[in-house]
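> No letters, just coordinates:
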C-alpha cells in the first residue's frame, strides 16, 4: 500500500500538485481515476532490504477491476505471493 500512495504523491508533484485527470491502465489501456500501482516483480514482504523493488521500472499503473485483481491472482497462482490473508 505504501508504494501505491508514494506513486500517487510523486505523480501529483510532477503535475504541479494538481490531481491528474486520469491514468492509463498498462494492461487494458482504459483510463482510470483511481489508479493502483502494481509491482511487476512482487515484493511479498519477504525482501525488506530490496530497495530497488520500488523503482519505477518495477511498477505499473493498473485499473483495480479487472486488471489489478487479475494480476494479483496470476502472481498468487504462480506462487510469487502468499495466500490471501496470510
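Noted; the coordinates are in hand. No experiment lies behind these values; they were computed from the predicted model shown.
> for the chain, what helix or strand is lowest in average pLDDT?
When each helix and strand of the chain is scored by mean pLDDT, DSSP states H and E, helix 2-14 comes last, with a mean of 65.
> Let me know the next secondary structure element after it.
Next helix or strand after helix 2-14 toward the C-terminus (DSSP states H and E): strand 23-24.
> Direction included, what does the next helix or strand after that next one pair against?
Using DSSP H and E, the helix or strand that directly follows strand 23-24 along the chain is strand 31-32. Applying DSSP bridges, strand 31-32 is found paired with strand 23-24 (antiparallel).
> contacts for the strand it pairs with?
Contact with strand 23-24 is made by 30, 31, 32, 33, 35, 61, as judged by C-beta atoms under 8 Å, 6 or more residues apart in numbering. Quick note: C-beta positions are derived from backbone N, CA and C, even for glycine.
> now, which of the residues you listed sits nearest residue 74?
If you rank the contacts of strand 23-24 by distance to residue 74 using C-beta to C-beta, residue 61 comes first, at 16.9 Å.
> While we're on that closest one, how confident is the model there?
At residue 61, the model reports a pLDDT of 89.
> okay, now it: neighbour count?
20 (other C-beta atoms under 10 Å).
> With residue 40 instead?
By the measure other C-beta under 10 Å, the count of residues near residue 40 is 12.
> Count the residues that sit near the nearest residue to it once chain neighbours are set aside.
Among residues not flanking residue 40 along the chain, residue 58 sits closest, at 5.2 Å (C-beta to C-beta, 6 or more residues apart in numbering). By other C-beta under 10 Å, 17 other residues sit near residue 58.
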